[in-house]
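> Build me a model from this:
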Amino acid sequence: MEKKLILRGVIAGAVGGLIAFVFARIFAEPQIQAAIDYESGRDAAQEALDKAAGIAVEPAGPDIFSRTIQANVGIGAGMILFGVAMGALFAVAYTICLGRVGNLRPKPLAMLVAAGEFLGVYFVPFIKYPANPPSIGHEETIGDRGNLYLVLVASSTIFLVLAVVLGKHLKARFGNWNATLISLAAYAVVVGIVMALMPSLGHLAYNVQEYGRHATETPLPLTDSTGKIVYPGFDADRLYAFRLYSVGAQVILWGLIGLLFGPMAERLLQPKRAKVEAEPVREA
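Numbering: from 1, shown residues only. As a prediction, the model looks like this:
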């Protein structure tokens, strides 16, 4: 039974990843291209400043893959594989919750698990460390940024699981609705404390040393030795749009996982009821 549920989760994740890719290709990819163009222009301006100051400039290496390959095959394959992985993870979580969180039917349970994983795995970490296009961030902080993000994802997921356990224990005393509110409030408080304790990306040691203390790694205007701006900072509207579409792609992914998995799980777990509901009503 578990293997069949995981297989259905993989199928739902693959479809969700494909549709999320189509959305991202239409809406997010233009923002990525604009960010790459910005990075190229800024690099050219920085190179001109370095040459004027007599600093040796190393030539940029060739791209391994073209932008066409990256924007279509690369992102598409990546999002589908990510959807497959998240679909399998979703199915495991669904199997664990099945029969342990009340008498929920397969479809509502699928949507609740999908909403919980979207919240814990993606959205809460996004609040502290939101998605950024290619030109945001410094190569020297990639490792630190990745580690911080993974720590927050793990913390959020663990605390969400503990919140579910807490709600289950409080159900008998406070009722299902109040127990749910209390457990969600406890989750929000604990995760909020963790996020407050974790550093902002602009406060990483390298960033403070090289650029001063800022809230983020978003590029500021590039200036010459006299303080004159020779290249603007990154467009805030572009950054907002990219992050908005990133959230939209994840909503599509997790929403489709829940919507597609629910009916498949119901046919597997309640075959007779699903068959009766699928049959048309005959008039006497």
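> Phi and psi next, for Thr223.
Torsion angles at Thr223 (phi, psi; degrees, to the nearest 10) stand at phi -120, psi 160.
> who are the neighbours in contact with it?
By Cβ atoms under 8 Å, 6 or more residues apart in numbering, the contact set of Thr223 is Ile229, Val230. Quick note: C-beta positions are derived from backbone N, CA and C, even for glycine.
> distance of it from Glu210?
Distance of Thr223 to Glu210, computed by Cβ to Cβ, to the nearest Å: 14 Å.
> and what of Ala77?
Ala77 sits 35 Å away from Glu210, going by Cβ to Cβ.
> And Tyr240, by the same measure?
When distance is defined by Cβ to Cβ, Tyr240 is 26 Å away from Glu210.
> could you say which helix or strand contains the residue lying closest to Tyr122 once chain neighbours are set aside?
Nearest non-adjacent residue to Tyr122, counting by Cβ to Cβ, 6 or more residues apart in numbering: Gln250, 5.0 Å away. With secondary structure defined by DSSP states H and E, Gln250 is part of helix 236-269.
> Just the buried positions in that helix, please.
Buried residues in helix 236-269, counting neighbours by 16 or more other Cβ atoms under 10 Å, are found at 238-239, 241-243, 245-247, 249-250, 252-266, 269.
> Equivalent analysis for stretch 114-132, please.
The neighbour-count check on stretch 114-132 (16+ other Cβ under 10 Å) flags 114, 116-126, 128-132 as buried.
> What of stretch 138-149?
Residues of stretch 138-149 classed as buried: His138, Thr141, Asp144, Arg145, Leu148, Tyr149 (neighbour count, 16+ other Cβ under 10 Å).
> I'd like to know which of those are part of helices.
Asp144, Arg145, Leu148, Tyr149 (DSSP state H).
> before we move on, the earlier item: just the closest of the buried residues of stretch 138-149 to Ala91, please.
Using Cβ to Cβ, Tyr149 is the member of those that lies nearest Ala91, at 24.0 Å.
> Quick check on the closest residue to the closest one other than its chain neighbours: phi, psi?
Of all residues not flanking Tyr149 in the chain, Tyr129 sits nearest, at 5.0 Å (Cβ to Cβ, 6+ apart). Note on Tyr129: its backbone torsions stand at phi -130, psi 80 [degrees, to the nearest 10].
> Check Tyr129 and give its pLDDT.
On the pLDDT scale, Tyr129 is placed at 95.
> is it true that it touches Val153?
No. Applying Cβ atoms under 8 Å as the test, Tyr129 and Val153 come out as separate, 9.4 Å apart.
> For the chain, which segments are assigned as helices?
All helices of the chain, identified by DSSP H, fall at 2-52, 67-69, 75-97, 106-117, 124-128, 142-174, 176-197, 205-211, 236-269, 271-278.
> so which of these comes closest to Lys228?
Closest approach to Lys228 among the helices of the chain (Cβ to Cβ): helix 2-52, 10.7 Å.
> domains of the protein?
What automatic domain parsing lists as the domains of the chain is 1-136+235-284, 141-217.
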